[in-house]
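> this is a predicted model, with the sequence first.
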Amino acid sequence: MQVQFLICDSCFWCASTLADRAVVGRCPCCGADAIESIPVAAGERYRFDYNMQSGVTLEFA
Ligand SMILES: [Zn+2]
């Protein structure tokens, strides 16, 4: 089973899912069709940060 990190390019709503396929077509927060899916390996850690100037930063460790 693959862990997916989901993020909306429009409003930056995010979630994690264990589904093999994308289960979210539209953003449940803003309704935009702008969900990006990023696979995350088992045991992989990442840090999510956001600010108005640089936007979203994902840091994988
Ligand atoms: Zn959104």
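Yes, it's here.
> where's Val56, which helix or strand?
strand 55-60 (DSSP states H and E).
> and the nearest residue to Ile38 once chain neighbours are set aside, bridged to which residues?
In space, and not counting its chain neighbours, Ile38 is closest to Phe5: 4.4 Å by C-beta to C-beta, 6 or more residues apart in numbering. Every residue, glycine included, has its C-beta placed from N, CA and C. Phe5 has these beta-bridge partners by DSSP bridges: Ser16, Ile38.
> close to the ion: what parts of the protein are there?
Cys8, Ser10, Cys11, Trp13, Cys27, Cys29, Cys30, Ala32 (C-beta under 5 Å from the ion).
> most neighbours of all these, which one?
Highest neighbour count within the residues of the chain next to the ion, by other C-beta atoms under 10 Å: Cys8, with 22 neighbours.
> list the residues that contact that one.
Residues in contact with Cys8 (C-beta atoms under 8 Å, 6 or more residues apart in numbering) are Cys14, Cys27, Cys29, Cys30, Ala32, Ala34, Ile35, Glu36.
> thanks a lot, see you next time.
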